[in-house]
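Participant: Just need the structure, nothing else, for what follows:
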Amino acid sequence: MIVHLQLARLHAGGYATAAPATADDIDGLAHVLGVPLPPAIRAIYEDHEAEASDLGPLRLMSPSEAAEAITALRDFGVPFDDHELGTFWTDDNSNYAGVFASGDLAGRVFRIDHEEPSPEPCWRSVESFYDALLDARDSGLGWWDLATDYPREPTDQTPEDDALGHRLFALYHERPDSPIGQRAAHQALALSSATHEAHVVSLLGSDDMWIQERAVQILGHWRWEPAVASIAEVVRNGEHNGRTAGIHALKQIGSPAADAALRSLSQELGDSYV
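Facilitator: Modelled structure (predicted):
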């Protein structure tokens, strides 16, 4: 449940500007969601119904607004299971953040970019999300600049994330061509640490351009030098998204081997070098 520190920061900063939501409004939102509200969300609404729209990158929607957003996003076809899609914050420009309300990822927080919606988790908890959101508000940052917990660093040691990542990779390999399997691949990549290296590298060979791209991005985020040769092969022969991501990843890695691979690829591919 959201801790008193985050609620205190919300009130001290003038962000919590409304009275508590009514029990009927909270129950109505839960009815639309189709599962009980995450405990932290219920605690927030019992403290305040909405947040100021002009004081930061995202604001808490009222229960009625959240219900409308959940319904609209389901109709739009975002890649979430209906009962996962607890969307509670917006930037009022068709971008959202929300909590996985059910399933293996329950309690973790996601964000939805209207240009490229992804089912990946971004924060481990509502508490972590609010700390990042309030820090961003204090620093004048945009909604996409919030510090996140995912994707993880390669040395991040969180056994729960490791175990869930393994389960999601297994689900993907069982059903690689299904929407459930493809969603699991993106979620597994976000949850990956170095213990999942073999899984991540194997997805460089995916013929799904979005999965291949995300696998490359994760290795670039890790600055993972052992993958330089594999990333270079994606730049040579991968999908367009993967090729573009591969060049960026090699620049992120920035080691002598990565720099040498970039020079070689530029000479080898000539005008086709992205």
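
Participant: Now stretch 123-132: average pLDDT?
Facilitator: Stretch 123-132 comes out with an average pLDDT of 95.

Participant: So Asp92: helix, strand or coil?
Facilitator: Judged by DSSP: H, G, I helix; E, B strand; the rest coil, the three-state class of Asp92 is coil.

Participant: In space, what's closest to it - neighbours in sequence excluded?
Facilitator: Distance criterion CB to CB, 6 or more residues apart in numbering; nearest residue to Asp92, sequence neighbours excluded, is Ser53 at 6.2 Å. For the C-beta atoms, the positions are set from N, CA and C on the backbone; glycine is no exception.

Participant: Now Asp161. Nearest residue, chain neighbours left out?
Facilitator: Here the nearest residue to Asp161 in space, its sequence neighbours aside, is Leu191; by CB to CB, 6+ apart that works out to 4.9 Å.

Participant: Same check on Leu58?
Facilitator: Here the residue nearest Leu58, using CB to CB, 6+ apart, is Trp89, at 4.3 Å.

Participant: Identify the bridge partners of that neighbour.
Facilitator: Leu60, Ala97 (DSSP bridges).

Participant: Was I right to think it contacts Met61?
Facilitator: Yes. Using CB atoms under 8 Å as the test, Trp89 is close enough to Met61 to be in contact (6.6 Å).

Participant: Pull up the gap between Ser192 and Leu164, please.
Facilitator: The spacing between Ser192 and Leu164, counted by CB to CB, to the nearest Å, is 10 Å.

Participant: okay, those two: which has more neighbours?
Facilitator: Higher neighbour count among Ser192 and Leu164: Ser192, with 29 against 18, using other CB atoms under 10 Å.

Participant: In a strand, the more buried one, correct?
Facilitator: No. Residue assignment for Ser192, taken from three-state DSSP, gives coil, which places it outside any strand.

Participant: these two touch, right, it and Ile218?
Facilitator: Yes. Using CB under 8 Å, Ser192 makes contact with Ile218 at a distance of 6.0 Å.

Participant: hmm, back to that, what's around the residue nearest to Leu58, how many residues?
Facilitator: Number of residues near Trp89 (other CB under 10 Å) recorded here: 24.

Participant: Numbering from 174 from now on, please.
Facilitator: Done: numbering now begins at 174, and the last item shifts to Trp262.

Participant: what residues are up against it?
Facilitator: Residues near Trp262 by CB atoms under 8 Å, 6 or more residues apart in numbering: Leu231, Arg232, Leu233, Met234, Tyr269, Ala270, Gly271, Leu306.

Participant: which one among the residues you listed gets closest to Arg356?
Facilitator: Taking CB to CB as the measure, Arg356 lies nearest Gly271 of the contacts of Trp262, at 15.2 Å.

Participant: gap between that closest one and Asp318?
Facilitator: From Gly271 over to Asp318 the distance is 19 Å, taken as CB to CB.

Participant: Surely Glu412 touches Met382?
Facilitator: Yes. Counting by CB under 8 Å, Glu412 sits close enough to Met382 to count as a contact (3.7 Å).

Participant: More neighbours: which of those two?
Facilitator: Taking neighbours as other CB under 10 Å, Glu412 and Met382 compare with Glu412 leading, 18 against 15.

Participant: Can you check the pLDDT for Trp395?
Facilitator: On the pLDDT scale, Trp395 is placed at 97.

Participant: Skipping adjacent residues, who's closest to it in space?
Facilitator: Of all residues not flanking Trp395 in the chain, Pro327 sits nearest, at 4.4 Å (CB to CB, 6+ apart).

Participant: so where does Thr260 fall, helix or strand?
Facilitator: strand 258-263 (DSSP states H and E).

Participant: Same question for Cys295.
Facilitator: strand 294-296.
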